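Colleague: output the structure for:
(chains A and B, ligands or ions: 1)
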Amino acid sequence: MKTSVLKRILSFYVEGFRSMTIGKTLWLIILVKLFVMFVFLKFFFFPSYLGKFDNAAEKQKYVSNELIQRAK
Amino acid sequence: MIAEIDISLIDWSRAQFALTAFYHWLFVPLTLGLGIVQAVMETIYYKTGDEFWKKTAKFWMKLFGINFAIGVATGLILEFEFGTNWSNYSWFVGDIFGAPLAIEGVVAFFMEATFIAVMFFGWNKVSKGFHLASTWLTILGATISAFWILVANGWMQYPTGMGFNPDTVRNEMESFWAVAFSPVAINKFFHTVLSGWIIGAMFVAGISSWYLLRKREIKFALSSIKVAVVFGLIACLLSIWTGDGSASQVAKRQPMKLAAMEGLYEGDNGVNLVGIGILNPSKKEYNDNEKAFLFKIDVPIPKLLSYLAFGKFNEYVPGIKNILEGGYKQPDGAIALSAEEKIARGKLAIDALSEYKKAKADSALYANKADSIKIVLAAEIENYAETVSDDTGATSQALTADELFSGKTAEIQTKIVNSRKQLDDNFDYFGYGYIKEPKDLIPPLSLTFYAFRVMVILGGFLLLLFALATYLSYKNKFETKRWLQWTCLISIFLAIFAGQAGWVVAEVGRQPWAIQDILPTSAAISKLSTSSVQLTFFIFLALFTILLIAELKILTSAIKKGPQINEQ
Ligand code: HEM
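Modeller: Numbering: from 1, shown residues only, chains lettered A, B, ... in the order given. Below is the predicted model of the structure:
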């Protein structure tokens, strides 16, 4: 019983994707976009700035020091 | 060691954020607005069973899908920028943004992944009612997402419901409800979503007009217009109403933004609202003797600004000069501090944070040292106790050891308590401690002033347009009015422009603050090299242009192909 519901849901998606026309192009754009965003942009250009610190305590220390020094 | 933060770094980082936000905001309002129009059309189909409405809804849904696909995830880039370019800010607010944005992510993912699939794949597969419900839930999901994002933005304009924890250097949520239902957030939500509805309605009316100009798909176009213009008219009326609500929130919480929106240097009781005007470019300083305007015409209802801001025609509205000089009575009765007093209090808050951190470090260090000395002492004492049979000597030794430390410990504790109090007492002005001169508190005036005029004037224009279009389309006269069709087509861009101008008012108008009064951009920003930010700015510009061209190409080819309804 349960599997047949799952199967029906699965085939709903599979058939849906198969019968797409313009949707295929759109999915291609979405995938390329996500690839560019996460692999290219995030990895090379948008690392987390505080990621260079190992733990929350060090991040906290860095930020508080910055916040204090910048007011000087 | 710590270099000054370069102004050009701040400017480039802001330009980069603005570019991404503008771009993201091309897609979002269309999703919100077109989503409702198509849902209304499907509802008509559900009620009447007329296949024509099903096809009509399906066509707009296709355009919705294209816009959605190109726009989806563009907002995530803003989050990348938070982590990279605005890392102090991100750390500082972490806890508050965590909750709303996490809810947003989960809700959006589940609602969109399930209901949007039913919406696109489910025709003929699920019941009519279930399909209709999915369409409405798709748009509801998107609107709820927008709500959480706008809550986050609202908090930056009016930080409420939080407490600053100097140990973590983070703002921590004290009341989820105060954050989620702050009056600023609620107003912003309605005004922003309604502006999306206007854009969606204009899009449908404009594209349909294009078909009429081409003498194609006449029935489809006229029927779509009938739905769109009524929806647009309602959205316009409500958006003016909520815009007025936003203005009164701005008056209460961000008086400097309001003064910039109006080019108001000198406040007064019962101030007029500027209709149109040209700012005087030779006015360089807020306190020089140049006049503010070369030319201006006020809205003919006298004292309207006072009324819009505070609900009373004779209420005092402070100008830029008054806000910087202080000394006037605020609506809550308190006397406004001058910029210099606020800066002094900000410095007190930051000094207190520094003292607090030092005392905490001392306390940890001292406790450590004291512990190790005490261990040695304890061993000594034990030795001593073994050598003498009577251990009274040992006890008195131990007491003196504790006493030795207690004096210093108490001193550190007092420092911690006092600096914490000083911090809490002055935290409302924390960000002012970074401001070098009072005039740095004035946002870019002309941008704010003109953007506000553009939004409001276009709002008025769109209201008239929708009203006229509603009248003519229900009198069955729309089809012959080619000038109106052209106007509707061009007004798609005007509506989009109004929305972008709205964001300029909200975001440029609150400079220099990343978080109002608490954190200016100069403290929020990461210390990166300006050239690396310039590089990513241009990468974005290129990527966004490519994506935009892709969207426009796919969109226009779908529009040219048309709904393919046999209209006989
Ligand atoms: C005609 C009367 C209107 C008034 C009085 C008005 C008022 C305002 C005010 C005061 C703000 C700033 C809110 C803040 O800084 O927190 C704002 C923002 C905004 N407005 Fe308008 N507005 C009007 C029409 C429009 C129209 C026609 C659109 C778009 C089609 C629009 C789109 C926006 C957007 C997107 C924002 C930024 C988001 C926000 O802060 O709410 N507004 N508006």
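
Colleague: is the one helix or strand in chain A whose mean pLDDT sits lowest in proximity to chain B?
Modeller: Across the helices and strands of chain A, mean confidence by mean pLDDT, DSSP states H and E is lowest for helix A:2-18: a mean of 77. Yes - using CB under 8 Å from any CB of the partner chain, helix A:2-18 comes into contact with chain B via A:12-13, A:15-17. Quick note: C-beta positions are derived from backbone N, CA and C, even for glycine.

Colleague: just flag the most distant two among these.
Modeller: The distance between the two most remote of the residues of helix A:2-18 next to chain B (CB to CB) is 9.8 Å, for A:F12 and A:F17.

Colleague: who touches both of those two?
Modeller: B:F121 (CB atoms under 8 Å, 6 or more residues apart in numbering or on different chains).

Colleague: low-confidence ranges in chain A?
Modeller: Residues of chain A meeting the criterion pLDDT under 70: A:1-3.

Colleague: ranges for the helices of chain A?
Modeller: Remark: helices assigned in chain A by DSSP state H are A:2-18, A:22-35, A:56-69.

Colleague: okay, the last one in PDB with CA atoms only?
Modeller: In other words, helix A:56-69. Only the C-alpha atoms of helix A:56-69 are listed here, as PDB (Å, rounded to 0.1, in the frame of the first residue of the first chain):
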ATOM      1  CA  ALA A  56      33.500  30.500  17.900                       C
ATOM      2  CA  ALA A  57      35.700  31.800  20.700                       C
ATOM      3  CA  GLU A  58      38.300  33.100  18.300                       C
ATOM      4  CA  LYS A  59      35.700  34.600  16.000                       C
ATOM      5  CA  GLN A  60      34.200  36.400  18.900                       C
ATOM      6  CA  LYS A  61      37.600  37.700  20.000                       C
ATOM      7  CA  TYR A  62      38.400  38.900  16.500                       C
ATOM      8  CA  VAL A  63      35.000  40.700  16.000                       C
ATOM      9  CA  SER A  64      35.100  42.300  19.500                       C
ATOM     10  CA  ASN A  65      38.600  43.500  18.900                       C
ATOM     11  CA  GLU A  66      37.600  45.000  15.600                       C
ATOM     12  CA  LEU A  67      34.500  46.700  17.100                       C
ATOM     13  CA  ILE A  68      36.600  48.200  19.800                       C
ATOM     14  CA  GLN A  69      39.500  49.300  17.600                       C
END
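
Colleague: so which bits of that helix are buried?
Modeller: Buried residues in helix A:56-69, counted by 16 or more other CB atoms under 10 Å in any protein chain shown: A:59-60, A:62-64, A:66-68.

Colleague: possible to save the residues you listed as TSV with distance to B:E380?
Modeller: Converted to TSV, the buried residues of helix A:56-69 look like this (distance: CB to CB, whole Å):
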residue	distance to B:E380
A:K59	41
A:Q60	38
A:Y62	41
A:V63	43
A:S64	39
A:E66	44
A:L67	44
A:I68	41
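
Colleague: what's the most distant pair in these?
Modeller: A:K59 and A:I68 (15.0 Å).

Colleague: domain ranges for chain B?
Modeller: The record's domain parsing of chain B by automatic domain parsing lists B:8-254+B:443-561, B:258-325, B:339-433.

Colleague: middle-most residue in chain B, spatially?
Modeller: Computing the C-alpha centroid of chain B and ranking residues by CA atoms, centre = their mean puts B:N153 first, at 3.1 Å.

Colleague: show me the contacts for it.
Modeller: B:N153 touches B:185, B:188, B:506, counting by CB under 8 Å, 6+ apart.

Colleague: count of residues packed around residue 50?
Modeller: Just so you know, I chose chain A. Applying other CB atoms under 10 Å in any protein chain shown, we find 19 residues neighbouring A:L50.

Colleague: actually it's chain B I care about, not the one you picked
Modeller: Using other CB under 10 Å, B:D50 has 12 other residues around it.

Colleague: for A:R18, same thing?
Modeller: 10.

Colleague: now B:E174. Its backbone dihedrals?
Modeller: Dihedral pair for B:E174: phi -100, psi -40, per degrees, to the nearest 10.

Colleague: and stretch B:287-307, what's buried?
Modeller: Within stretch B:287-307, the residues scored as buried using 16+ other CB under 10 Å are B:292, B:296, B:298, B:303-307.

Colleague: got a pLDDT number for the residue of the stretch 151-300 of chain B found nearest the ligand?
Modeller: Of all residues in the stretch 151-300 of chain B, B:G243 sits closest to the ligand, at 2.4 Å by CB to the nearest ligand atom. Among the per-residue scores, B:G243 shows a pLDDT of 92.

Colleague: get me the contact residues on chain A for chain B.
Modeller: Near chain B, when you scan chain A using CB under 8 Å from any CB, you find A:12-13, A:15-17, A:19, A:22-23, A:25-27, A:29-30, A:33-34, A:36-37, A:41-42, A:45-50, A:56, A:59-60, A:63-64, A:66-72.

Colleague: could you flag which of those residues are buried?
Modeller: By neighbour count, with 16+ other CB under 10 Å, these hold A:12, A:16, A:23, A:26, A:29-30, A:33, A:37, A:41-42, A:46, A:48-50, A:59-60, A:63-64, A:66-68, A:70-71 as buried.
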